[in-house]
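Participant: sharing a model prediction with you, sequence too.
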Amino acid sequence: MSKKNANFAADLVAGIDPGAQAPAARRPGIGASVLAGRESRLAELATGSVVSRTHELVDPARCRMWAGHNREYALLNEERCADLIESIKAQGKQEMPAIVRRVKDDPAFDFEVICGARRHWTISWLRAHNYPDFRFLVDIRSLTDEEAFRLADLENRARDDLTDLERARDYLRALDAYYEGRQKVMAERINVTESWLSRYLDLARLPAELMAAFALPQDLRIKHVTAIKPLLKPEDRRQRVFAEAGRLAQVQSDRAAPMPVPDIIRALALAADPPKRSGSPKKSGKPETIVSEGGKPLLKVEAVDRKGLKLTLLPHAGGTRAEAEAALKALLDQHWS
DNA sequence: CTATTTGCAAGCAGGTAATG
DNA sequence: CATTACCTGCTTGCAAATAG
């Protein structure tokens, strides 16, 4: 994952859609500068301005996290910040400034951190561990909430810090908070395709009754939504799936072992379409070899699922072509309906 | 009509089997 | 053992389908 995300980050910074595959669409020349000043460049692109910069060294205790900050500050620890701790110790200072804005509504704080929770945590930690003189290097901006959101999002996407679900929920919140519920506008603003955004929002919109089935919701990814969402379509299936979700929640709370996401989805899909067909004795994924009347293998059915079936033709096993054609035709009749 | 969702195939990465 | 060929699953944007 890490390698792919590195490319992803580069694309982002270069101002290209995250999934842009077309090499022709790449803007030449920008890539190199990415390595130079990644974060400040991120900032410029996000706000569209390179205006006045105010870098200052401040007391981290006078900074709070921005309310819209989607990173779980409480989850930060020495291990997750180890790289930063080392780097700052080695450099003797904080290399990249965090991005903050002034706060006026709370006498306990002067700033709130838009980007740089880890840096804030690290400086605070160092001050408490033999480096009381370190101060928090910040870049003070005046940003609207929406600008702050885009900036934070850009950074989070580049660093791949959040789970799909966290990001999805963040987007759903932002959609109403900053974009009046307009996906198209939001997609344009944060530089992603509408379909990409649509899929993320789908994840955040999965009903709570359904989410209950997942002991570890953070393992739920975008790719799973495609499989889950159709299960909620007709009302009766929806109800069956909810019921099964409740059962699964129960099962997993009883015994302490959480089920893997794919297993849960399989169970839900099964509940959605209960006994299924009657005359199809296909047990499970066992390959089934179809033989001729004379006992010669003709073709082997490797797998059958709702997407289709996979088979291997066996032209060298002794059966005749006519027999194979007949067997194939029978299969087609059976599965094509 | 516009906005959103969804089916689909291309491109990619990582894994596994085949080859030397 | 090291390379190479092959396979599989994943992500993504496009465009068609559908919702509103």
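Facilitator: Structure received. Predicted model only: the values in this text are computed from it and were never measured.
Participant: quick one, strands of the stretch 101-250 of chain A?
Facilitator: Taking DSSP state E, counting those that start in this stretch, the strands of the stretch 101-250 of chain A run over residues A:111-115, A:136-141.
Participant: would you list those in a markdown table and tack on distance to DNA strand C?
Facilitator: C-beta coordinates here come from the backbone N, C-alpha and C atoms, glycine included. Compiled in a markdown table, these are given as follows (distance: least, C-beta to the nearest atom of the strand, whole Å):
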| stretch | distance to DNA strand C |
| --- | --- |
| strand A:111-115 | 21 |
| strand A:136-141 | 27 |
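Participant: out of these, deepest packed?
Facilitator: Of the strands of the stretch 101-250 of chain A, the one with the most neighbours on average (mean count of other C-beta atoms under 10 Å) is strand A:111-115, at a mean of 25.
Participant: show me what that strand is packed against.
Facilitator: With contacts defined as 3 or more C-beta pairs under 8 Å, 6 or more residues apart in numbering; DSSP states H and E, strand A:111-115 has these neighbours: helix A:38-47, strand A:63-65, strand A:98-102, strand A:136-141, helix A:145-159.
Participant: any idea of the mean pLDDT for it?
Facilitator: Regarding strand A:111-115, the rounded mean pLDDT is 93.
Participant: same deal with stretch A:320-333?
Facilitator: Rounded to a whole number, the mean pLDDT of stretch A:320-333 is 74.
Participant: what does stretch A:255-273 give?
Facilitator: pLDDT averaged over stretch A:255-273 gives 84.
Participant: run the chain-centre distance for that stretch.
Facilitator: Chain-centre distance of stretch A:255-273: 20 Å, with C-alpha atoms, centre = their mean, to the nearest Å.
Participant: go through the strands of the stretch 101-250 of chain A and name the closest to A:Ala272.
Facilitator: Of all the strands of the stretch 101-250 of chain A, strand A:111-115 sits nearest to A:Ala272, with 42.0 Å by C-beta to C-beta.
Participant: the closest one pairs with which strands?
Facilitator: strand A:63-65 (parallel), strand A:98-102 (antiparallel) (DSSP bridges).
Participant: looking at those strands, which is buried most?
Facilitator: Among the strands paired with strand A:111-115, strand A:98-102 has the highest mean neighbour count (mean count of other C-beta under 10 Å), at a mean of 22.
Participant: export it as CSV, just CAs?
Facilitator: Backbone C-alpha positions of strand A:98-102 (Å, rounded to 0.1, in the frame of the first residue of the first chain) are rendered in CSV as follows:
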residue,chain,number,x,y,z
ALA,A,98,2.3,23.1,11.2
ILE,A,99,-0.6,25.1,9.9
VAL,A,100,-2.7,26.9,12.4
ARG,A,101,-5.1,29.8,12.7
ARG,A,102,-5.8,32.1,15.5
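Participant: which other residues reach it?
Facilitator: By C-beta atoms under 8 Å, 6 or more residues apart in numbering, the residues outside strand A:98-102 that reach it are A:43, A:63, A:66, A:110-116, A:119-120, A:136-143, A:148, A:151.
Participant: between that strand and strand A:136-141, what angle do the directions make?
Facilitator: Here strand A:98-102 runs at an angle of 60 degrees relative to strand A:136-141 (axes from the mean of the first three to the mean of the last three C-alpha atoms, to 10 degrees).
Participant: can you give me the buried ones in the strand or helix carrying A:Asp263?
Facilitator: Using DSSP states H and E, A:Asp263 maps to helix A:261-272. Neighbour counts over helix A:261-272 (16 or more other C-beta atoms under 10 Å) mark A:261, A:264-265, A:267-269, A:271-272 as buried.
Participant: cool, stretch A:181-193 as well?
Facilitator: Using 16+ other C-beta under 10 Å as the burial criterion, the residues of stretch A:181-193 that qualify are A:183, A:186-187, A:189-192.
Participant: same question for stretch A:150-167.
Facilitator: By 16+ other C-beta under 10 Å, the buried positions in stretch A:150-167 come out as A:150-158, A:161-162, A:164-167.
Participant: max pairwise distance over those: which two?
Facilitator: The widest separation within the buried residues of stretch A:150-167 (C-beta to C-beta) is 21.4 Å, between A:Leu151 and A:Leu165.
Participant: wait, which of the strands paired with strand A:111-115 is closest to DNA strand C?
Facilitator: DNA strand C sits nearest to strand A:98-102 of all the strands paired with strand A:111-115, at 24.1 Å, using C-beta to the nearest atom of the strand.
Participant: the longest helix seen in chain A vs helix A:261-272, what angle?
Facilitator: Secondary structure of chain A read by DSSP state H shows that its longest helix is helix A:235-254. Per the same axes, to 10 degrees, the angle that helix A:235-254 makes with helix A:261-272 is 140 degrees.
Participant: residues touching helix A:235-254, excluding its own?
Facilitator: Against helix A:235-254 from outside (C-beta under 8 Å, 6+ apart): A:207, A:209-213, A:215, A:231-232, A:258-259, A:264, A:267-268, A:270-274.
Participant: can you check the pLDDT for the residue of the stretch 201-337 of chain A found nearest DNA strand C?
Facilitator: Residue nearest to DNA strand C within the stretch 201-337 of chain A (C-beta to the nearest atom of the strand): A:Lys223, separated by 2.8 Å. Predicted confidence (pLDDT) for A:Lys223: 91.
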